[in-house]
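*Asks:* Provide a 3D model corresponding to the input given below.
(one chain, ligands or ions: 2)
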Amino acid sequence: MFSILVTSALFTAALAAPSLKLKKYVDSLDLEFSFNPVIPAYWTSLPHHRRTPFSVSPDGKTGYLAYLDASGSDVHVQHVDVSTMKSKGYNAITIPNLKEAGGIVGHGSGKGFTLLGNEPIPSGTENAPPGNTPVPAIYRYQKGKQLWKTFVAGPGVHPDDGLMMSPDMNGDLAYSPESGMYGAYFVVTAYTGFAEGHFGDSIQYVNERGALQTIDASSAWGCSHNTGIAFEAAAEPPFASICAEDQGAIWLNTDTQGMSNDGVKISNEQVTNGASGEPVGGMSGSYSSLAKFQNSTEYIFAWVSRGAVDLTTNDWMGAGYTHAENRTNGRRTAMAILSDKNTLVGPEATSEVGAANGDSQVNWVTESQGPDRSNAHVATFDDTFALVTWEEIASPNCGEIGFGCSGQFSGTYFQLVNKKGDKVGEPLKSMDTYVAGDMVTVADGKICWPYVNMDWSLDAATGYGAPETSTKKMSFACMSLL
Ligand SMILES: *[C@@H]1O[C@H](CO)[C@@H](O)[C@H](O)[C@H]1NC(C)=O
Ligand SMILES: *[C@@H]1O[C@H](CO)[C@@H](O)[C@H](O)[C@H]1NC(C)=O
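*Replies:* Ligands and ions are numbered 1, 2, ... in the order given. This is a model prediction of the structure:
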């Protein structure tokens, strides 16, 4: 009797703990135009994946893939049959002159899509940025035609706070069907006003008719030298937002839209002027870092960090702000759970000057301290389970404070976690699958994302638009729960 009970209890436990299954669609989508999958990181020029924004219609049938033309100008959008990850047979839609594809929302069944892009304002326009520097805009397309286009920075947008442009937008777009609102969070440089010449970030909302909103949740200028953002829709503005600033912290800034210490300090980070270790991917990486559990108010955030020791005063920011030294050479993957868009589960990071351990609150996904992890992303399967992923260099060279490392790529890892913040099972490793575009939860509960089938090297700095890496094929991968 006793042994039967034990056996059935074990059996139940085994059933209750799901595992991961990876399915690849190698080179499934023919691209109508060439795409260059490699982008050099800010400052180090180390290779990053150039993001290909991806979204799936609510009915789970149509995928929307956006990519920058290999020439560096024009963004193309192609429709994907999600059951095969091949083309749906429609012509690509080209949005001319765009320099970056920064997020897409697919509406499906004849309703088209909405895209965040970055384009130069025609020269001669009053108050245009200097040097043809691009400005972010949101584009709405239906049945192949542009319904509207709304600039979310540049001439006429919050002129009293200064005008903004985006040499590197590093942004993301989110949509809330409940409130009929699109939100965009992006990195900016001010070209007029109090912040002229400085880098920051901005959050703007546009309604379904394309009207730019001026609401409390809008922010002309938020976090200093933000090297990446994390953004996810909520039922209404403000959407859930996180910034990684260059003064020493990562903030949950849904309520503050900035870096004030009224926000929630998720983590202390070692920083240098303009960088904080590319915690949310750095150049071309600001997507799928913050994900909402399905049918739930809870969120999960994933990032990479060198940890934080020996907190000291931040004289520039003043009381309540700190600087930290790094605990490790390579970065580790970490996760945080939010019970709703502005509430962190568990303690905030400390701001106590003199604290030896500035990272005791961190929930590490990777324990070992030797390797370097980068390109962390997260998506949710359902209301309980999420997928955290990262890339690894087993023996990294990390010369620069606040930036990435070089060395031989040693795998992409996929770790199943639950919303209590527990790891479930061992990570799955792949040497030929990468995450290079949005990780989307498809209607049947699997998570799919685009990548380019290529040899991935993290060994050395790369140049802009190296032609030998251009491709006319896109691959996809999907992860399911077993
Ligand atoms: C801190 O980071 C720097 C730059 O990446 C590295 O050279 C140094 O070894 C790291 N410190 C520790 C304690 O690992
Ligand atoms: C979320 O709720 C909807 C409506 O009740 C349901 O159809 C869907 O299956 C739910 N999704 C998940 C992942 O539980």
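*Asks:* helices or strands up against the longest strand along the chain?
*Replies:* The longest strand of the chain (DSSP state E) is strand 20-35. For strand 20-35, the elements it packs on are strand 62-68, strand 75-81, strand 86-87, strand 409-418, strand 423-430, strand 471-481, judged by 3 or more C-beta pairs under 8 Å, 6 or more residues apart in numbering; DSSP states H and E. All C-beta atoms are positioned from the backbone trio N, CA, C, and that covers glycine.
*Asks:* partners of the fourth one in the sheet?
*Replies:* Sheet pairing of strand 409-418 (DSSP bridges) gives strand 385-393 (antiparallel), strand 423-430 (antiparallel).
*Asks:* thinking again about what came up before, just say which of the helices and strands packed on strand 20-35 is most tucked in.
*Replies:* Of all the helices and strands packed on strand 20-35, strand 62-68 carries the top mean neighbour count, a mean of 26, counting by mean count of other C-beta atoms under 10 Å.
*Asks:* pull the distance from it to the chain's centre.
*Replies:* Offset of strand 62-68 from its chain centre (C-alpha atoms, centre = their mean, to the nearest Å): 16 Å.
*Asks:* please apply the same query to stretch 300-309.
*Replies:* 14 Å.
*Asks:* and the average pLDDT for that stretch is what?
*Replies:* Throughout stretch 300-309, pLDDT has a mean value of 98.
*Asks:* quick one on the thing from earlier: okay, the helices and strands packed on strand 20-35 in JSON lines with mean pLDDT and distance to ligand 1 next?
*Replies:* Shown next, in JSON lines, are these (pLDDT from 0 to 100; distance: least, C-beta to the nearest ligand atom, whole Å):
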{"stretch": "strand 62-68", "mean pLDDT": "98", "distance to ligand 1": "30"}
{"stretch": "strand 75-81", "mean pLDDT": "98", "distance to ligand 1": "34"}
{"stretch": "strand 86-87", "mean pLDDT": "98", "distance to ligand 1": "43"}
{"stretch": "strand 409-418", "mean pLDDT": "98", "distance to ligand 1": "18"}
{"stretch": "strand 423-430", "mean pLDDT": "98", "distance to ligand 1": "23"}
{"stretch": "strand 471-481", "mean pLDDT": "98", "distance to ligand 1": "31"}
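*Asks:* between the ones you listed, which one is closest to Y175.
*Replies:* Taking C-beta to C-beta, strand 62-68 is the member of these nearest to Y175, at 12.2 Å.
*Asks:* quick one: the residue nearest to the spatial centre of the chain and F54, what's the gap?
*Replies:* Geometric centre of the chain, nearest residue: Y287, 1.9 Å, by C-alpha atoms, centre = their mean. Using C-beta to C-beta, to the nearest Å, Y287 is found at 9 Å from F54.
*Asks:* count the neighbours of the closest residue to ligand 2 within the stretch 351-482 of the chain for me.
*Replies:* Closest to ligand 2 within the stretch 351-482 of the chain is D382: 4.0 Å, counting by C-beta to the nearest ligand atom. The burial count assigned to D382 is 15, neighbours taken as other C-beta atoms under 10 Å.
*Asks:* excluding its backbone neighbours, what's nearest it?
*Replies:* Q294 (5.1 Å; C-beta to C-beta, 6 or more residues apart in numbering).
*Asks:* and the pLDDT at the one you found?
*Replies:* Taking Q294 on its own, its pLDDT is 97.
*Asks:* any idea how far E298 is from T343?
*Replies:* 9 Å.
*Asks:* neighbour-wise, which of the two wins?
*Replies:* With neighbours defined as other C-beta under 10 Å, T343 and E298 compare such that E298 has more, 20 against 15.
*Asks:* surely G281 touches V378?
*Replies:* No. Here G281 does not reach V378: they are 11.5 Å apart, not a contact under C-beta atoms under 8 Å.
*Asks:* got any residues that touch both of those two?
*Replies:* S289 (C-beta atoms under 8 Å, 6 or more residues apart in numbering).
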